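Colleague: can't give you the sequence, but here's the structure:
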């Protein structure tokens, strides 16, 4: 690249995005800027569908409500999303990302074709067999109108947030998580179907080993994430400096897990499931006196959620060679002007590539590097 973003820390830059037959989008072909890309147009024009297409490419499903295949255009047999991007190459034998001045970039092409019954994906011409492979290749950070659920809803949301965070920095995390989940299901089934304590306990050594490794990886990620959260919070929402984050592993680390399971065996039988373990982990939001979740307004919840998402992106960028693509949907409606301007300043200072949607002609202050107008599923470059 020949612009100001060549000398930057961002290890992944989307260059071209092609979308066909995703909702009302047909034959869309976009050349993206490595900075702020702003998509504007009336409600229902198809702006969110552009972000949705990228999300579908990586996760195989929409972030909107409804049946998973309803995003395929009515009457179409198949939808397609293709992205071309460049990624910084790591030093051979090293996990450390090199400074931009010393870095080489490799070119990538990632595509998904999806019918209502089947799918196929390729990376640089090679067939992929799982959405986990897609997710690993192109990490996404999405902020959209329901992102406040990360704060407002139960631990499942924050545990999933944590798991995705670790997934992108620990190569063996997914297999370890699957091993623990398999053992957990076996133990829960034994609690319900068998009165033989020995059968339940036979599962526990493997389960405990996986649990302790999961907790170690989560704890390591959280230490870096919480430090990044403090830095982003200072830039984005300094008024929330009283809110702190705490990782809760889901069990007492002072006492061995197998001992906790033995002590709680009869209660677990009565419940029909395992109470202690990393499947009950959470990220707690606290102030000096109480839990922060109960008194945050909806707007404040969105600000804290956005801060958490940006902090996760920072960790990925620091610890991996992939970085992450930042997607902000309808950001003008989700943030007040004060926080919107602070967000834009942060994005400009850190030179993060971002795709933003909104209804206004501009996102504010001329911060946009490239603007696209969306109307009836057609996208044109307006600046």
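Modeller: Cool, got the structure. Here the structure is a predicted model, which is why all the values come from computation and not from measurement. Numbering: from 1, shown residues only.
Colleague: Between its first and last residues, how far does stretch 316-327 reach?
Modeller: With Cα to Cα, to the nearest Å as the measure, stretch 316-327 spans 15 Å from end to end.
Colleague: in the host helix or strand of residue 231, what counts as buried?
Modeller: In the assignment (DSSP states H and E), residue 231 maps to helix 197-236. Neighbour-count burial for helix 197-236, counted by 16 or more other Cβ atoms under 10 Å, picks out 200, 203-204, 207-215, 217-218, 221-222, 224-226, 228-229, 232-233, 236. The way it works is simple: take the backbone N, C-alpha and C, and place the C-beta from them, glycine included.
Colleague: Repeat that for stretch 340-353.
Modeller: Neighbour counts over stretch 340-353 (16+ other Cβ under 10 Å) mark 340, 342-344, 347, 350-353 as buried.
Colleague: can you put these in CSV and add pLDDT?
Modeller: Rendered in CSV, the data for the buried residues of stretch 340-353 read as follows (pLDDT from 0 to 100):
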residue, pLDDT
340, 93
342, 95
343, 95
344, 93
347, 92
350, 88
351, 86
352, 89
353, 93
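Colleague: for these, which one is nearest residue 75?
Modeller: Nearest to residue 75 among those: residue 353, at 34.1 Å, using Cβ to Cβ.
Colleague: The closest residue in space to residue 353 that isn't next to it in sequence: what secondary structure?
Modeller: With sequence-adjacent residues excluded and distances taken as Cβ to Cβ, 6 or more residues apart in numbering, residue 353 is closest to residue 34, at 5.2 Å. Taking DSSP: H, G, I helix; E, B strand; the rest coil as the rule, one finds residue 34 in the coil state.
Colleague: Likewise for the one 4 residues further on?
Modeller: Following three-state DSSP, the label given to residue 38 is strand.
Colleague: What is the burial count for it?
Modeller: 27 (other Cβ atoms under 10 Å).
Colleague: For residue 360, see how far away it is.
Modeller: Distance check for residue 38 against residue 360: by Cβ to Cβ, to the nearest Å, it reads 9 Å.
Colleague: the inter-axis angle of the one helix or strand residue 181 maps to versus helix 197-236?
Modeller: Using DSSP H and E, residue 181 sits in helix 173-193. For helix 173-193 against helix 197-236, the angle by axes from the mean of the first three to the mean of the last three Cα atoms, to 10 degrees is 140 degrees.
Colleague: Could you give the average pLDDT over helix 173-193?
Modeller: For helix 173-193, mean pLDDT is 96.
Colleague: what do you get for stretch 61-70?
Modeller: Mean pLDDT, taken over the full extent of stretch 61-70, equals 76.
Colleague: swap in stretch 296-313?
Modeller: The average pLDDT for stretch 296-313 rounds to 94.
Colleague: what's that stretch in contact with?
Modeller: Stretch 296-313 is contacted from outside by 141-143, 147-148, 150-152, 161, 164-165, 225-226, 228-229, 231-233, 236-237, 240, 243, 245, 285, 292, 323-324, 326, 334-336, 339, 343, 346, 352, using Cβ atoms under 8 Å, 6 or more residues apart in numbering.
Colleague: Which ones among those residues lie within strands?
Modeller: Among these, the members falling in strands (DSSP state E) are 141-143, 245, 285, 326.
Colleague: State the pair within the residues you listed that is farthest apart.
Modeller: Spatial extent of the ones in strands among the contacts of stretch 296-313 (Cβ to Cβ) is set by the pair 285 and 326 at 22.3 Å.
Colleague: quick one: contacts for the residue nearest to the spatial centre of the chain?
Modeller: Ranked by distance to the mean C-alpha position of the chain (Cα atoms, centre = their mean), the top residue is residue 141 at 4.4 Å. Contact analysis of residue 141 by Cβ under 8 Å, 6+ apart lists 309-310, 312-313, 324-327.
Colleague: what about 6 Å?
Modeller: Residues in contact with residue 141, defined by Cβ atoms under 6 Å, 6 or more residues apart in numbering, are 309, 313, 324, 326.
Colleague: same thing with residue 314?
Modeller: Residues near residue 314 by Cβ under 6 Å, 6+ apart: residue 228.
Colleague: 10 Å instead?
Modeller: By Cβ atoms under 10 Å, 6 or more residues apart in numbering, the contact set of residue 314 is 141, 224-225, 227-229, 231-232, 323-324, 350, 352.
Colleague: Residue 21 too?
Modeller: Each residue near residue 21 by Cβ under 10 Å, 6+ apart is listed here: 27-28, 53, 71-81, 114, 377.
Colleague: ok, 6 Å please
Modeller: Residue 21 neighbours (Cβ under 6 Å, 6+ apart): 73, 76, 79.
Colleague: repeat for residue 367
Modeller: Counted by Cβ under 6 Å, 6+ apart, residue 367 has contacts 36, 344.
Colleague: Flag every buried residue along the lowest-mean-pLDDT helix or strand in the chain.
Modeller: The helix or strand of the chain with the poorest confidence is helix 331-334; it has a mean of 89 (mean pLDDT, DSSP states H and E). Within helix 331-334, the residues scored as buried using 16+ other Cβ under 10 Å are 331-332, 334.
Colleague: just stretch 250-266 next, same as before
Modeller: Counting neighbours by 16+ other Cβ under 10 Å, one finds that the buried residues in stretch 250-266 are 250-251, 257, 260-261, 264-265.
Colleague: would you turn the residues you listed into CSV with pLDDT?
Modeller: Output for the buried residues of stretch 250-266, formatted as CSV (pLDDT from 0 to 100):
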residue, pLDDT
250, 97
251, 97
257, 95
260, 97
261, 97
264, 96
265, 96
